[in-house]
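*Asks:* okay, predicted coordinates and the sequence, questions at the end:
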Amino acid sequence: MAKATLKAGQGTQSVSVIPKPWTHQAAFWGLAGILVLAPFFRGLFFNTDQHVFLILASILVWFAWLWKYGEREYTFLSHPLDYLIAAFPVVYLFSAINAANYGFALDEFIKNILYFSVYWLVVQLIKDERSLHQMLNAVYLAAFGVAVAGLAIATGLVYFKDGFLYSRIYSTFQYPNALSSYLAIALFLGLYFWQRYSALTVADTVNDRFLKQILPGWLQKIKLYGYLYVLINFTLLVVLFGAKSRAGLLAAAVVFIVYLVILDWSKRLPVLINVLVPGIIAYPVIYKFVILAQAKRMGLAWLWFFAGIVVVAVLQYLYNFMLDKGMLTWLKSRLKTKWTLAGTGIVIIAAAAIGTAMHPGLIKQIASFSYLRNAFERFFFVRDALDMIKARPFLGWGGGGWEEAYRSFQHYLYNSTEVHSYYFQVAVETGIIGLLVILGIWAVFLRTGRRVYRTAPPDSNRRILAVSLFAGAVVAGGHALIDFNLSLSALTMALWMLFACMRFLETMPNADQVFDQGQQVAPGISGRQSKEIKESASRKKKRRKANESGKQPAVSARNSKPLNPVILSVSSFVCLIFLLLGMSLASANMYSSDTAKQTQNTQKALQNLQMAAARNPLYAEYRLRLAGLYFNEGNYQKAFDEARRASQLSRYSSSCKQDLSTLSAYTGKFGQSLSYAKQAIELAPYSISGYENLARTCTVIGRSELAQGKKESARSYLQETLKVPSLINNRLSGLSADEKKLWRDGPMLSVTPGIQLYEGQSYLLLGNPAEAEKYLQNAAADDQNKGEAFLWLALLKDNQGKEQESKDFLEKATAIDQSFSQAFQQLRFLIPGSKVSITSSEIPVTAQVQ
C-alpha cells in the first residue's frame, strides 16, 4: 500500500492509501489515456480514427461495469444531465431511420456514443477531488503537448500534414479554430491549478522524511507548482496567438472578462496578472517565432520562445518574492482591487484608441468585405440550413445530412461539408428534437454550475473550480455558435468531460468540507480521501476488537446488496455489440485502405473492396468504388447494380446520379440515363459537372440511337443537349449580386468547352454543320477537349467533302490519342448516311451566358 502523510495541527499522521480495484484503475487510466491521445489523431475528426476509439471506449465501459458489479453499485443514470446526454445518441439513432446518407448517419451515431461513453465514465470513475484533478490534468497536459507539437511542426522538427499553413499553427488538430477552443479550455483549467497550487512549496509536496532531510532548505522553499503552471499557461497562450483564430481569440477574451467578474474579488487581480503579463510577452514571441520559422531560421525561432520562458519564470519569481515580503498586501484590499481593475481597463481601451488613431485605415480594413468574407458566408450557410430544417423539422436529415444534401439547398456555389454552426448542424441532422436536447444539456449544465457556485463558500477552491469549468465549457460552446469546431471529437470529448466534472461537483458528498480540507494536506491526498482512510482504519480497529471478543462486525450496506449478474450480463452484451461494431468498421477501413495500394492487382483490389462493403454495408463510397472496378472490367451490369446500391445509401449525392446516368447508358437503359442525369443537376444545381454530364449523356445516347436507325428518338436526345445552355442561363438569372460576389469555390456557371463539344456534335448529327463547326472550334481551343473536338471537325470536313482539311484535323486528333483513328472510321458512316433532317425553327437558341 502507498504511504501518505496527512498534516494535522503540529504533528503528522502516516497512513496507507487504499488502492482502487484493478478494474477501476484500468477504466480510469484508460479514459485518461483516451483524452490525452485523442488530439494527436487529427483532433479525432475522421471516422477511421473514431472507429478505433469506439473499440477502446467499449472496453473501458465494460471494465467500469465490472468494477461497479464488484461494488454492488448498479445505477446507470441518475442526474438530469445524465439523461439528456444519453438521449443525444438516441436522437441520432432515430434520425438515421430516414437519413439522407446512411453511412454518414452511422458515423454520427458512433461519435455521440463515444461522447456519452466519455461522460459516463467520468461520472462513474471520479470519486474524490484527487481523481477529479487527475482527469482534468489529462486534458490540460494533452493541450500542452498539442501546443508544443504545434511549435515543433512549425519549425520542422516534427512532420504532421497540414500542421502549419499560411503562417498559422494548426498543430495536430489540422484546424486552427478548433485548436484555439481546445487551448482556451486548457488555459482556464491552468488558471484554476495555478490558483490552487501556486503557493505550495517543494516541502509541501514531499512526503518522504528521508528526502526532506537531504534536500537543501532553499530547494524546499521553492514554489514549484507556481512556476510549472505559469510556464505551461504561457506556452498555451503562445500557440493560441499562433493559431490566429479571430473568433477563437474573441470568444476567449469575452469569456475571460466574464470569468474575472464571476471570480471572488480577491482572486481577480492575481488571475489578471497571470494572464495579462504572460500574454503581453507571448504575442511578440509567437510573432517573431512564425516569421523566423517561415524563413527557416529554426534555431533563432526557438531562442525567442525559450527567452520568453525565461522572462516569464523571472517574473513569477519576482511575484513570489514580493508576495513573501508582504509587498503585495494591496491585492487584499477590495477598494484598491476595484481601482486597479478599472485602471487596467482604461489603459487597455486607451491603447486600443491610440492604436486605431495611429492606423486610420484599420477600421476600414476590419469592416471591409475581404476581412469579413467568412462571416458573410456563414450567414448564407445558416440560411440554407434553415431551409433544410423547414423541409424536415422533426427528426432532420440524419447524421451527416448537411454534408449529403446541402448542395440541393444552396443559393450559390460553395464547398462546405459543415454548417459552421454546431447548433444549426445538430438541428439539420436531428431536427427540432435534437436541438431541444442539446439546448437542454446546456441549460442543465448552467443550472448545475450556478448551484455549485452558490453553495460553495466565497473564495473557496470549489467555487474557483466551478467558475473555471464554466468558462472552459462556454468558450468552446460559444465559439461553436459560429464554427464547426465541435465536429472534431477530441474537443467535444473534452467538453463533455467538463459537463461530467460539474455534475460531480454538485453531487459530491461534503464537497465544501472536502475542498477546505484539501488546502491543509499535500496535493497528492484529497480531504475526502484522508477521511476515507481514517474511516477505513476505524473499521479495521472495530473488526479487530470484534474478532477478539468473538463477535462479527455489522455487515456494510454495500455488502448487504446481492450480486446482480443480470445487469452485468446486459451491460457486457451492449459493450460487446459496440466493440464488434467498432471492429467491423475499423476492419472495413483497413480493407479499403489496402485497396488503394493494389494499383496493379485489380482482382485483389476487388476482393478488398468486397470485404470492406461487407463489414460496412451502409457506406456508399465502397459501392461506388466497386462500380468503378466492375466498369473497368467491362462488367457494366454489375457496375450499374453497385452504383444503384450506392445511390440508395447516399440519396442526395449528385455524383452517384451521374455515375448511374453513365452506367444506365452503357446497359441500354437510355430513359433512366436521362432521368438520372437530370436528377444530378437538381441535387447540385450550381455544379457545372452536372450540366456537362447531361450534355454528354444526351449526345452519346442520341448517337447510339442514330446508329440503330432510331432517328426520331435520336432527334429527341440530341435536342436535349442543345437545351443545356438555357438551363445554365435560367439558374444564373436567380443569383443576387451578393451571391455572385461570394462565389469563389469553383468556376461561375457558363457554357464550358466541354458542353460546346457536345453541342457541336449534336448540331452535326442534326444536320447543321455551320453551327457545329462554330462550337467544335471553340472546344478545340481547350486543351482538355481539343482531341475529341479535332476528331469531330475531321468528321465534319469529311462530310463536306474537304478531304485535306479532314485529314489535317484527324492527324491532330491522333497525335493526342491514337484510338481516334479507329473512332473516325466507326463514326464516319453516321454523318453522311444517317442525317436527321430538322428545320432551323426546331433548333433551340443557345445564347451565350454572360
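*Replies:* That came in fine, so what should we check first? Residues are numbered from 1 along each chain as shown.
*Asks:* setting the sequence-adjacent residues aside, check what's closest to the residue nearest in space to the middle of the chain.
*Replies:* Nearest to the geometric centre of the chain sits Leu488, at 2.2 Å (Cα atoms, centre = their mean). Leaving aside its sequence neighbours, Leu488 sits nearest to Gly43 (Cβ to Cβ, 6 or more residues apart in numbering; 3.7 Å). Heads up, the C-betas are built off the backbone N, CA and C, glycines and all.
*Asks:* what is the neighbour count of the one you found?
*Replies:* By other Cβ atoms under 10 Å, 26 other residues sit near Gly43.
*Asks:* please apply the same query to Ile291.
*Replies:* So Ile291, with other Cβ under 10 Å, has 14 neighbours.
*Asks:* where does this structure dip in pLDDT?
*Replies:* 1-18, 362, 364-371, 509-560, 596-600, 832-850 (pLDDT under 70).
*Asks:* strands along that one, start to end?
*Replies:* With DSSP state E applied, the chain shows strands at 2-8, 11-17, 164-165, 168-169, listed in chain order.
*Asks:* Ala473 is in contact with Leu498, correct?
*Replies:* Yes: judged on Cβ atoms under 8 Å, Leu498 makes contact with Ala473 at a distance of 4.6 Å.
*Asks:* just the CA trace of stretch 763-772, in PDB.
*Replies:* Taking only C-alpha atoms (Å, rounded to 0.1, in the frame of the first residue of the first chain), the coordinates of stretch 763-772 have been written out as PDB:
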ATOM      1  CA  TYR A 763     -25.600  20.100 -84.400                       C
ATOM      2  CA  LEU A 764     -23.600  18.000 -86.800                       C
ATOM      3  CA  LEU A 765     -25.800  14.900 -86.200                       C
ATOM      4  CA  LEU A 766     -28.900  17.100 -86.600                       C
ATOM      5  CA  GLY A 767     -27.700  18.300 -90.000                       C
ATOM      6  CA  ASN A 768     -26.400  21.800 -89.100                       C
ATOM      7  CA  PRO A 769     -22.700  21.800 -89.900                       C
ATOM      8  CA  ALA A 770     -22.300  25.600 -89.800                       C
ATOM      9  CA  GLU A 771     -23.400  25.700 -86.100                       C
ATOM     10  CA  ALA A 772     -21.500  22.500 -85.400                       C
END
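*Asks:* give me the buried positions along that stretch.
*Replies:* Going by neighbour count (16 or more other Cβ atoms under 10 Å), the buried part of stretch 763-772 is 763-769, 771-772.
*Asks:* now do the shared contacts for Leu498 and Ala473.
*Replies:* Shared contacts of Leu498 and Ala473, defined by Cβ atoms under 8 Å, 6 or more residues apart in numbering, comprise Ile185.
*Asks:* quick one on the thing from earlier: how near is the residue nearest to the centre of the chain to Gln174?
*Replies:* Distance, Leu488 to Gln174, using Cβ to Cβ, to the nearest Å: 9 Å.
*Asks:* who touches both of these two?
*Replies:* Counting by Cβ under 8 Å, 6+ apart, the residues touching both Leu488 and Gln174 are 43, 45.
*Asks:* mind listing what the closest residue to Ala251 other than its chain neighbours touches?
*Replies:* Once flanking residues are discounted, Ala251 sits nearest to His479: 4.3 Å by Cβ to Cβ, 6+ apart. His479 makes contacts with 177, 180-181, 184, 247-248, 251, 485, as judged by Cβ under 8 Å, 6+ apart.
*Asks:* run the last query once more with 10 Å
*Replies:* Shown in contact with His479 (Cβ atoms under 10 Å, 6 or more residues apart in numbering): 177-178, 180-181, 184, 245, 247-252, 255, 422, 485-486, 491.
*Asks:* in ChimeraX, how would I select just the buried ones from those residues?
*Replies:* Under the burial definition 16+ other Cβ under 10 Å, those of the contacts of His479 that qualify are selected in ChimeraX by:
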select :177,178,180,181,184,245,247,248,249,251,252,255,422,485,486,491
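*Asks:* contacting residues for the closest residue in space to Glu692 that isn't next to it in sequence?
*Replies:* Computed as Cβ to Cβ, 6+ apart, the closest residue to Glu692 that is not its neighbour in sequence is Gly754, at 4.6 Å. Under the criterion of Cβ under 10 Å, 6+ apart, the neighbours of Gly754 are 688-689, 691-693, 695-696, 779, 782, 784-785, 788-789.
*Asks:* farthest-apart pair in those, please.
*Replies:* Largest separation among the contacts of Gly754 by Cβ to Cβ: Ser689 and Ala789, giving 19.0 Å.
*Asks:* if we can go back for a sec, so which of the contacts of Gly754 belong to helices?
*Replies:* 688-689, 691-693, 695-696, 779, 788-789 (DSSP state H).
*Asks:* export those residues as JSON lines, with columns for neighbour count and distance to Ile222.
*Replies:* Putting these into JSON lines (neighbours: other Cβ atoms under 10 Å; distance: Cβ to Cβ, whole Å) gives the following:
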{"residue": "Ile688", "neighbour count": "19", "distance to Ile222": "67"}
{"residue": "Ser689", "neighbour count": "16", "distance to Ile222": "66"}
{"residue": "Tyr691", "neighbour count": "26", "distance to Ile222": "72"}
{"residue": "Glu692", "neighbour count": "19", "distance to Ile222": "71"}
{"residue": "Asn693", "neighbour count": "25", "distance to Ile222": "71"}
{"residue": "Ala695", "neighbour count": "28", "distance to Ile222": "77"}
{"residue": "Arg696", "neighbour count": "22", "distance to Ile222": "75"}
{"residue": "Ala779", "neighbour count": "25", "distance to Ile222": "78"}
{"residue": "Glu788", "neighbour count": "22", "distance to Ile222": "78"}
{"residue": "Ala789", "neighbour count": "27", "distance to Ile222": "79"}
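*Asks:* ok, Tyr140 - contacts?
*Replies:* 133, 185-190, 192-193, 229, 232-233, 236, 494.
*Asks:* can you select the buried ones from those in PyMOL?
*Replies:* Those of the contacts of Tyr140 that count as buried under 16+ other Cβ under 10 Å are selected in PyMOL with:
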select buried, resi 133+185+186+187+188+189+190+192+193+229+232+233+236+494
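*Asks:* pretty sure Asp384 contacts Gln425?
*Replies:* No: using Cβ atoms under 10 Å, Asp384 is not in contact with Gln425; the gap is 11.6 Å.
*Asks:* which neighbours do those two have in common?
*Replies:* Between them, Asp384 and Gln425 share these contacting residues under Cβ under 10 Å, 6+ apart: 402, 419.
*Asks:* for the two, indicate the residue with more neighbours.
*Replies:* Per other Cβ under 10 Å, whichever of Asp384 and Gln425 has more neighbours is Gln425, with 28 against 24.
*Asks:* how many residues are close by the residue nearest to that one when sequence neighbours are not counted?
*Replies:* In space, and not counting its chain neighbours, Gln425 is closest to Val419: 4.1 Å by Cβ to Cβ, 6+ apart. Applying other Cβ under 10 Å, we find 25 residues neighbouring Val419.
*Asks:* over to the one 4 residues further on?
*Replies:* When counting by other Cβ under 10 Å, one arrives at 19 neighbours for Tyr423.
*Asks:* kindly report the same for the one 3 residues further on.
*Replies:* The tally of other residues near Val426 (other Cβ under 10 Å) stands at 26.
*Asks:* repeat for Leu335
*Replies:* Using other Cβ under 10 Å, Leu335 has 9 neighbouring residues.
*Asks:* next one: Ala342
*Replies:* If we define neighbours as other Cβ under 10 Å, then Ala342 has 10 of them.
*Asks:* with Leu179 instead?
*Replies:* Quick note: Leu179 (other Cβ under 10 Å) scores 32 neighbours.
*Asks:* residue contacts, it?
*Replies:* 39, 43, 143, 146-147, 150, 163, 168-173, 239-240, 242-243, 245, 248, 485, 488, 491.
*Asks:* please redo it, this time with the cut-off set to 6 Å
*Replies:* Taking Cβ atoms under 6 Å, 6 or more residues apart in numbering, we find Leu179 in contact with 171, 173, 243.
*Asks:* out of those residues, who's nearest Arg828?
*Replies:* Distances from Arg828 to the contacts of Leu179, taken by Cβ to Cβ, are shortest for Phe173, at 59.3 Å.
*Asks:* ok, that closest one to Leu395 distance?
*Replies:* For Phe173, the distance to Leu395 equals 31 Å [Cβ to Cβ].
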